[in-house]
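1. show me how the following folds:
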Amino acid sequence: MIYYPSSIRKAIQSISKLPGIGEKTAERLVMHLLRAPRIDVEQLSRSILELKNSVRLCEQCFGLSDAETCGICSNPARDPQLVCVVEQPADMVSIEKSGAFSGRYHILGGALSPINGVGPDDIRIRELMARIPQQNIREVILATSTTVEGESTAAFIADRLTDSPAIVTRIASGVPVGGDLKYIDQVTLKRALEGRHAVQSK
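-> As a prediction, this is how the structure comes out:
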């Protein structure tokens, strides 16, 4: 890489910081950008800047949005009393692709992991508890991952909702143990949502 001009080396170093992009891949991408029409490179640059400047968290579900309220939460066709709880925005996108859910979401922003110092106050459990009475939510679907952390988070939330008027359900088997929602195919997710079951708290 020492044979490249400084501007190319900087571009390669910057792109190689992206997840899943090694130095060789970054080098190929930079060479592609150099060969691409200027208008395409400028459009890419503008898109990245707009992404950073415009995207925010929805004030209701904490999903990614270009406005204060995301398209799902502002859609009158969605059932506001049915809320699916997921860990990350990517999990929400996976469920949306399945086409099996017509309610709204609550994105925790992670899962409980005491070993990593992530406790109940570090994810959006408090906000979920506040939404239930405020929005008269009748069912909370726990769709956290089936990892140890995801299961612990689901159990903790279910326990907190023992005295809540809302029904608490968990997505059914079909999602493999240890699986991450964003890697599960849409058919499996659809069956898991349709076969959700009530959560029995201790």
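2. what about the one helix or strand Thr25 maps to, distance to the chain center?
-> Element membership for Thr25, per DSSP states H and E: helix 23-35. In terms of CA atoms, centre = their mean, to the nearest Å, the centre of helix 23-35 is found 29 Å from the chain centre.
3. just the buried positions in it, please.
-> Across helix 23-35, burial judged by 16 or more other CB atoms under 10 Å covers 26-27, 29-30. Any C-beta I mention is one placed from the backbone N, CA and C, and that applies to glycine too.
4. so what's Arg104 up against?
-> 60-61, 72-73, 78-80, 82-84 (CB atoms under 8 Å, 6 or more residues apart in numbering).
5. and if we set it to 7 Å?
-> Neighbouring residues of Arg104 by CB atoms under 7 Å, 6 or more residues apart in numbering: 61, 72-73, 78, 80, 82-83.
6. give me the residue at the spatial middle of this structure.
-> Geometric centre of the chain, nearest residue: Pro89, 1.7 Å, by CA atoms, centre = their mean.
7. picking up where we left off before, out of the contacts of Arg104, who's the most crowded?
-> Most neighbours among those, by other CB atoms under 10 Å: Cys61, with 26 neighbours.
8. so that residue makes contact with Gly103?
-> No: contact criterion CB atoms under 7 Å: Cys61 and Gly103 do not qualify, at 10.4 Å.
9. OK, contacts around Leu82?
-> 103-104, 138-139.
10. what do you get for Ile95?
-> 84, 86, 101, 143, 189, 193.
11. go with 10 Å
-> Shown in contact with Ile95 (CB atoms under 10 Å, 6 or more residues apart in numbering): 84, 86, 101, 105, 141, 143, 171, 181-182, 184, 186, 189-190, 192-193.
12. equivalent analysis for Asp40, please.
-> So Asp40 contacts 32-33 (CB under 10 Å, 6+ apart).
13. was I right about Thr25 contacting Lys17?
-> No: using CB atoms under 10 Å, Thr25 makes no contact with Lys17, being 11.9 Å away.
14. partners of the strand ranked longest in the chain in the sheet?
-> Ranked by residue count, the top strand of the chain under DSSP state E comes out as strand 79-86. Strand 79-86 has the following strand partners under DSSP bridges: strand 103-107 (parallel), strand 139-142 (parallel).
15. and stretch 14-29, end to end?
-> Stretch 14-29 has an end-to-end distance of 11 Å (criterion: CA to CA, to the nearest Å).
16. stretch 75-93 now?
-> 16 Å.
17. how about it: buried residues?
-> So, applying 16+ other CB under 10 Å, buried residues of stretch 75-93: 80, 82-89, 91-92.
18. so which of these comes closest to Thr162?
-> Taking CB to CB as the measure, Thr162 lies nearest Val85 of these, at 15.7 Å.
19. I'd guessed that closest one sits against Phe101; true?
-> No: using CB under 10 Å, Val85 makes no contact with Phe101, being 11.8 Å away.
20. which residues do those two both contact?
-> 92, 141, 143.
21. how much space separates the first one from Ile107?
-> In this structure, Met92 lies at 6 Å from Ile107, with CB to CB, to the nearest Å as the measure.
22. cool, thanks, signing off.
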